[in-house]
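>>> From the sequence below, what's the structure:
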Amino acid sequence: MKYEKGSLVKLSAQGKKLKQNDREVGGFGIVTDYIQWAVYPYKLKWFSKKPKYKNSAYSEFNAKEYELKRMRAKKS
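Residues are numbered from 1 along each chain as shown. Predicted coordinates for the structure are as follows:
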């Protein structure tokens, strides 16, 4: 497991290429769970400009490890 629960992540270059992730491009997520045997093992709370549901600030999103990368703090 590369990302611990509570890690901030965003889509990797490979994750952005996948059509299934169109709504998630430009957003960020928080890892909420990891299920080792699942096809998409990382369960995320995803925050983006285009949420799946109109009345929600975030959506649930599942991903594989190669679709994600760790968010880094901007240097000032």
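>>> which secondary structure elements does the helix or strand where K69 lies contact?
Assigned by DSSP states H and E, K69 belongs to strand 68-70. With contacts defined as 3 or more C-beta pairs under 8 Å, 6 or more residues apart in numbering; DSSP states H and E, strand 68-70 has these neighbours: strand 8-11. All C-beta atoms are positioned from the backbone trio N, CA, C, and that covers glycine.
>>> redo that, cut-off 10 Å
Applying 3 or more C-beta pairs under 10 Å, 6 or more residues apart in numbering; DSSP states H and E, one finds that strand 68-70 contacts strand 8-11, helix 13-17.
>>> do you know which of these lies nearest A73?
strand 8-11 (9.3 Å; C-beta to C-beta).
>>> partner strands of that closest one, parallel or antiparallel?
Taking DSSP bridges as the criterion, strand 8-11 forms sheet pairs with strand 28-34 (antiparallel), strand 68-70 (antiparallel).
>>> of all those, which lies closest to F47?
The nearest among the strands paired with strand 8-11, by C-beta to C-beta, is strand 28-34 at 5.8 Å.
>>> need the helices and strands packed on strand 68-70 in a markdown table with distance to S76, mean pLDDT and mean neighbour count, can you?
A markdown table is the format used below for the helices and strands packed on strand 68-70 (distance: least, C-beta to C-beta, whole Å; pLDDT from 0 to 100; neighbours: other C-beta atoms under 10 Å):
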| stretch | distance to S76 | mean pLDDT | mean neighbour count |
| --- | --- | --- | --- |
| strand 8-11 | 18 | 92 | 19 |
| helix 13-17 | 25 | 86 | 13 |
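>>> out of the ones you listed, which comes closest to I35?
strand 8-11 (16.0 Å).
>>> what does the closest one contact?
2-3, 15-18, 21, 24-31, 42, 44, 46, 48, 61, 63, 65, 67-73 (C-beta atoms under 10 Å, 6 or more residues apart in numbering).
>>> distance of G27 from W37?
27 Å (C-beta to C-beta, to the nearest Å).
>>> more crowded one of the two?
G27 (19 against 5; other C-beta atoms under 10 Å).
>>> re the thing from before, so what touches the strand holding K69?
2-3, 7-15, 29, 31, 42, 44.
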